[in-house]
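Asker: Return atomic coordinates for the entry below.
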Amino acid sequence: MNVGDTLPPLQIPITRTLIVAGALASRDYQDVHHDAELARAKGSPDIFMNILTTNGLVGRYVTDHLGPRAVLRKVAIRLGAPNYPGDTMTLTGTVTARAGDTVEIRITGANGIGHHVTGTVTAQVPRDEEAAR
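Answerer: Model (predicted):
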C-alpha cells in the first residue's frame with residue numbers, strides 16, 4: 001500500500017437489527033439506540049447507531065482490506081450525520097501516510113444525509129501479509 005492508494009468502497013445497510021445489536025454488544029443501553037418512541041420524544045426521528053458500532057465497522061473495513069494479520073494501532077473517528085434505519089453507509093478510505101510496515105488511512109463513511117464518520121486509522125501490516133496481496 002502506498003500513499004494515495006484507495007480502498008474499495010464498502011456499503012453497509014443500516015438496519016434496526018444492526019443498530020440495536022451493536023448497542024447491546026457494546027453495552028450501550030441508551031434508549032435512543034433501541035426505542036424509537038423514546039428517541040422521537042428526545043427529538044430524533046428514529047433510533048440511531050452508537051459510536052462504538054461505528055468504530056467496529058471502521059475497524060472491520062480496514063482489516064478486511066489489509067488482511068487478518070493487520071493490527072489496528074490507532075482509530076481516531078468523529079461522528080457527524082446519524083445513521084438511521086433504512087439508510088446505507090458507504091465507507092471509503094485513502095492511504096495518507098506510510099512508514100515501514102505502518103500505514104495511516106483516512107476514512108469517510110457517508111449516508112443519505114451526509115458524512116456519518118470521518119477520521120483516521122493507523123495499522124501495522126506485516127510485510128509477508130502485504131506481499132500476499
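
Asker: what separates the residue nearest to the spatial centre of the chain from residue 15, distance-wise?
Answerer: Closest to where the C-alpha atoms of the chain average out (CA atoms, centre = their mean) is residue 58, at 2.6 Å. Distance, residue 58 to residue 15, using CB to CB, to the nearest Å: 18 Å. Where C-beta positions appear, they are placed from N, C-alpha and C, glycine not excepted.

Asker: In three-state terms, label residue 48 for me.
Answerer: Under DSSP: H, G, I helix; E, B strand; the rest coil, residue 48 falls in the coil class.

Asker: could you dump stretch 90-107 to CSV, C-alpha only?
Answerer: Extracted in CSV, the C-alpha atoms of stretch 90-107 (Å, rounded to 0.1, in the frame of the first residue of the first chain):
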residue,chain,number,x,y,z
THR,A,90,-20.6,3.7,2.3
LEU,A,91,-17.1,3.5,3.8
THR,A,92,-14.2,4.8,1.7
GLY,A,93,-10.5,5.1,2.6
THR,A,94,-7.3,6.6,1.2
VAL,A,95,-3.8,5.9,2.4
THR,A,96,-2.4,9.2,3.7
ALA,A,97,0.9,8.1,5.2
ARG,A,98,3.3,5.1,5.2
ALA,A,99,6.3,4.4,7.3
GLY,A,100,7.8,0.9,7.1
ASP,A,101,5.0,-1.6,7.9
THR,A,102,2.7,1.1,9.3
VAL,A,103,0.0,2.8,7.2
GLU,A,104,-2.4,5.6,8.0
ILE,A,105,-5.8,5.5,6.2
ARG,A,106,-8.2,8.4,6.0
ILE,A,107,-11.7,7.1,6.4
